[in-house]
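Q: A structural model of the following input is requested.
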Amino acid sequence: MSRFRHALKNRDQHIFSLRMSCGVLVIILLIAVGGWITAPSRIVVYNPPDLRTGSSRPWWEVPAPTAYTFALYIFQQLNAWPKNGDVDYPAKIAALTPYLTPSCLIFLKADLRKRADSGELLNRVRMIYEVPGRGYNSKSVAIMNRDSWVIRLDAVVDEYFQSEPVKRALVRFPLKVVRWDGDAERNPFGLALDCYEGIPQRLEAATPSEDAKGKGMFQ
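A: Okay, here's the model as predicted:
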């Protein structure tokens, strides 16, 4: 009798171990199916702005217009101080941190301190926008490699102090953009601004009053 009892016990233990193995396999299968279903939602596909002629490229390739548009948007936001640069500039740096590389963040914080110490922020209003007629073209983006680009941005810099215009300058900014697949929740673009790839070059400059008289930079 004991032999039969041992045989039944061994059978039951074997059945239990098989059931546990099946349970583990089912859990693994569910995880795999879940990952397979949600994977397409985590893939970033970059499409060029104009799709009338179609587009065929590897999904990881970032089109040059996309890199240019990203650099313009982030840089424009960094330099948008609608009320008071002393408050707006640090707030913009904090808000755009997910779109900045660590080295660029250090550079901007140092620039913030320098401007604050020299009195260039208090009650200062600032805005940057593309020079009309000098938007994106084939020479606006230099592709360094698959993961980095240098953007040539020709922009107008307007500054006001307590509603009084103090500066209008036409500047060429050499901005660097890099692939940044870090935090997709906070940075869905998968790109980051790495600040400057050289010294910004002032092309022309004029005061807003001069520009209004037709003697400015668009002459």
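Q: going forward, measure contacts and count neighbours with C-alpha atoms only.
A: Will do.
Q: can you pull out the helices in this structure?
A: Using DSSP state H, the helices assigned to the chain run over residues 2-38, 64-78, 85-95, 102-117, 208-212.
Q: please identify which of those helices is closest to Ser140.
A: Evaluated over these, closeness to Ser140 peaks at helix 64-78, with 7.4 Å, by CA to CA.
Q: just how off-centre is that closest one within its chain?
A: Between the centre of helix 64-78 and the centre of its chain there are 8 Å (CA atoms, centre = their mean, to the nearest Å).
Q: same check on stretch 174-189?
A: 4 Å.
Q: now do that stretch: distance from first to last residue.
A: From its first residue to its last, stretch 174-189 covers 20 Å (CA to CA, to the nearest Å).
Q: please renumber the chain so that the first residue is 14 from this point on.
A: Noted, 14 is the first residue going forward, which turns the last one into stretch 187-202.
Q: buried sites along that stretch?
A: Neighbour-count burial for stretch 187-202 flags 187-193, 200-202 (criterion: 16 or more other CA atoms under 10 Å).
Q: out of the residues you listed, which one sits closest to Gly47?
A: Closest to Gly47, out of all of those and judged by CA to CA, is Pro201, at 21.1 Å.
Q: list the contacts for Trp162?
A: 80, 154-156, 189-191 (CA atoms under 8 Å, 6 or more residues apart in numbering).
Q: equivalent analysis for Tyr112, please.
A: Tyr112 sits in contact with 87, 200, 204-206, where contact means CA under 8 Å, 6+ apart.
Q: so which of the residues you listed is the most crowded?
A: Using other CA atoms under 10 Å as the neighbour criterion, Leu206 leads the contacts of Tyr112 with 29 neighbours.
Q: just checking, that residue touches Pro187?
A: No - look at Leu206 against Pro187 with CA atoms under 8 Å: they stay out of range, at 11.2 Å.
Q: how about the helices of the chain in a markdown table, adding distance to Asn150 and mean pLDDT?
A: Shown next, in a markdown table, are those (distance: least, CA to CA, whole Å; pLDDT from 0 to 100):
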| stretch | distance to Asn150 | mean pLDDT |
| --- | --- | --- |
| helix 15-51 | 37 | 75 |
| helix 77-91 | 8 | 94 |
| helix 98-108 | 28 | 95 |
| helix 115-130 | 26 | 95 |
| helix 221-225 | 26 | 43 |
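Q: of all these, which one is nearest Tyr149?
A: helix 77-91 (7.2 Å).
Q: tell me the angle the closest one makes with helix 115-130.
A: 30 degrees (axes from the mean of the first three to the mean of the last three CA atoms, to 10 degrees).
Q: circling back to that earlier point, from the contacts of Trp162, pick the one nearest Arg32.
A: Among the contacts of Trp162, and counting by CA to CA, the member closest to Arg32 is Val191, at 50.3 Å.
Q: from Tyr173, how far out is that closest one?
A: 32 Å.
Q: picking that back up, between the contacts of Tyr112, which is closest to Gly47?
A: Among those, and counting by CA to CA, the member closest to Gly47 is Asn200, at 23.2 Å.
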